[in-house]
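> structural data only, the sequence is not supplied:
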DNA sequence: CGGAATCCTCTACGATACTG
DNA sequence: CAGTATCGTAGAGGATTCCG
């Protein structure tokens, strides 16, 4: 059996790849932050995130719902209202978001020269 | 002055957005993992990451170098060799990678039913 | 070996308009 | 209000070939 000439790090990469597949893109984490900050209505979320369009938001919300990270609730009435809430599962992303936020703060200091 | 009707969470989103801008895409973190796992040559790195092409790897390496996350070293000789190493600054991404890895492991358990 | 060049595809993302 | 429909674009990513 031939030894490979490079270091095998697939076991380290696989889970990271899994995570990236789910939360990749510019918007998903921002949407989760917005919802967990108190924005639960479609229009609220849209206004809270600069530059996001209705179409993109709509698609991302569907993605997040399929991945069980948010829940979509229909509130009957006139008019019908829709409410989005983060799931308890989304809370497991807390460490990821915190790590990214901390690093982002530090990185901005570094490139702007503090 | 009119109060906005949505919760303002821009201060929470901004750093996350900064971080996403730098490490976004399918490859950058995987490349960093590969290099820090012991792969320092272009071909080694390429072989260690399934499906990545030379062009994509080349572009990503340039990006990472510009963001001071890796260092490119030319080793004179016959033939000339190139060596990539992670910078000390890249180590600050450790928490991000760890958080993503942990979450990815957990997520895979969840969707595959353990 | 470590890429660059070329050409191509695909899709995330965007602008605008419209609807129940 | 909460989207959908349509059209369009840019760039990420891919396949293949070539080069010093």
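Yep, that arrived. Everything quoted here is computed from the prediction, not taken from an experiment. Numbering: from 1, shown residues only, chains lettered A, B, ... in the order given.
> give the helix, strand or coil label for the residue most central in space within chain A.
Centrality entry for chain A: nearest residue to the mean C-alpha point is residue A:29, 2.3 Å, by C-alpha atoms, centre = their mean. Per DSSP: H, G, I helix; E, B strand; the rest coil, the local secondary structure of residue A:29 is helix.
> so it makes contact with residue A:100?
Yes - under the criterion of C-beta atoms under 8 Å, residue A:29 makes contact with residue A:100 at 7.1 Å. Just so you know, the C-beta spots here come from the backbone N, C-alpha and C atoms, and that holds for glycine as well.
> shared neighbours, the two?
With contacts defined as C-beta atoms under 8 Å, 6 or more residues apart in numbering or on different chains, the residues shared by residue A:29 and residue A:100 are B:16, B:20.
> still on that earlier bit, tell me how far the residue nearest to the centre of chain A lies from residue A:13.
Taken as C-beta to C-beta, to the nearest Å, the spacing of residue A:29 relative to residue A:13 amounts to 20 Å.
> where does chain A have low pLDDT?
Confidence mapping of chain A against pLDDT under 70 gives the ranges A:1-4, A:114.
> and the strands in it, which stretches?
When assigned using DSSP state E, the strands of chain A occupy the ranges A:70-75, A:81-86.
> pick the most buried one from those.
Ranked by mean neighbour count under mean count of other C-beta atoms under 10 Å in any protein chain shown, the strands of chain A are led by strand A:81-86, which reaches a mean of 16.
> compare the strands of chain A and give me the one nearest DNA strand C.
Minimum separation from DNA strand C across the strands of chain A (C-beta to the nearest atom of the strand) falls at strand A:81-86, 9.8 Å.
> returning to what we had before: okay, the strands of chain A in a markdown table with distance to DNA strand D next?
Putting the strands of chain A into a markdown table (distance: least, C-beta to the nearest atom of the strand, whole Å) gives the following:
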| stretch | distance to DNA strand D |
| --- | --- |
| strand A:70-75 | 7 |
| strand A:81-86 | 4 |
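> any idea how many residues pack against residue A:51?
Residue neighbour count, defined by other C-beta atoms under 10 Å in any protein chain shown, stands at 7 for residue A:51.
> oops, could you answer that again for residue A:92 instead?
Other residues lying near residue A:92 total 15 when counted by other C-beta under 10 Å.
> in this structure it contacts residue B:109, no?
No - proximity of residue A:92 to residue B:109 does not meet the contact threshold set by C-beta under 8 Å, at 11.1 Å.
> for stretch A:20-37, buried residues please.
Within stretch A:20-37, the residues that qualify as buried are A:20, A:22-23, A:25, A:27-37, counting by 16 or more other C-beta atoms under 10 Å in any protein chain shown.
> would you mind measuring from residue A:16 to residue B:47?
Applying C-beta to C-beta, one obtains 18 Å for the distance of residue A:16 from residue B:47.
> which of these two has more neighbours?
residue A:16 (23 against 17).
> OK, contacts around the more buried one?
Shown here is residue A:16, whose contacts under the criterion C-beta under 8 Å, 6+ apart are B:29-30, B:33, B:97, B:100-101, B:104.
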